[in-house]
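J.: sequence first, predicted model second:
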Amino acid sequence: MLEYFHRQVQLWGEEKQLLLQEKKIVIIGSGGLGCSLAFALGSSGIGQIHIVDFDEVSVHNIHRQIAFKVGDEGKNKASVTAQVIRDRSPYVEVIAHECDFDTFTLKNIEVDLIIDATDNLPTRAKIDEYASSLKTPWVYGSVEAFNGQVCFFENASFTDVFKITNKTPAGIAAPIVMHIASLQANLALRYLVGLSVKKDYLYYLFFNEDGELVTNKFGLPT
């Protein structure tokens, strides 16, 4: 196993790599963010990953949802993603939940970290409430057009920061999806192995009119 994770072991040592094997996480959503998160975290050595999604693959998903290929249309997103990760890494247990978030919460599955990969504010508000009730941190991520947001929530309230509406994202460029997911995954890995993480701190990233990547940072009230 340690040979498979050789470059990560070089980064943080065998002790932290073995610690990852004891961790459990859940990714809520298996669309653009969820697929990229599953790739990043599914091959990192986390012991158990739950993937939650009730939706089926559609042809318009495939360009930005990297776990899917033409021919997967009509299949459940969580199940397809879980199998892709199993095929890539034999050192992680991946469990697909073909259901919505509300149904998943009724299963009372304990995890060390919750990761948001949804596409709407009401579900994120539910994730925040659920995480708070369990005293479990969660990592928020969202994307739209060429911009995105990331935050590691521990004590701050999502509903105090965001107005909850049914607004859906406009067009999305595939690379920004992978970029935001990679930032979420880095925060998750740092937390799970015990490295420092800036908590309750919102990062807003966007490309300005000159094509320059700009990052704004906001401390959230706790």
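T.: Arrived safely, thanks for sending. This structure is a prediction, so every number in the text was calculated from the model and none was measured.
J.: quick one: residues contacting the residue positioned nearest the centre of the chain.
T.: The C-alpha lying nearest the average C-alpha coordinate of the chain belongs to residue 115 (Cα atoms, centre = their mean; 4.2 Å). For residue 115, the contact set (Cβ atoms under 8 Å, 6 or more residues apart in numbering) comprises 25-28, 37, 41, 138-139, 141, 184, 188. (Each C-beta comes from the backbone N, C-alpha and C, glycine too.)
J.: these in helices, which ones?
T.: Residues of those located in helices (DSSP state H): 37, 41, 184, 188.
J.: strands along the protein, start to end?
T.: Remark: strands assigned in the chain by DSSP state E are 24-28, 48-52, 93-97, 113-116, 138-144, 147-153, 201-207, 213-219.
J.: what's the first one in contact with?
T.: The reference is to strand 24-28. Against strand 24-28 from outside (Cβ under 8 Å, 6+ apart): 34, 37-38, 41, 46-52, 101, 104, 109-118, 123, 127, 188, 192.
J.: repeat that for stretch 138-150.
T.: 32-33, 113-117, 119, 124, 127-128, 131, 151-153, 158, 169-173, 176-177, 179-181, 183-184, 187-188, 202-207.
J.: show me which of those are buried.
T.: Buried subset of those (neighbour count, 16 or more other Cβ atoms under 10 Å): 32-33, 113-117, 119, 124, 127-128, 131, 151-153, 158, 172-173, 176-177, 179-181, 183-184, 187-188, 202-203, 205-206.
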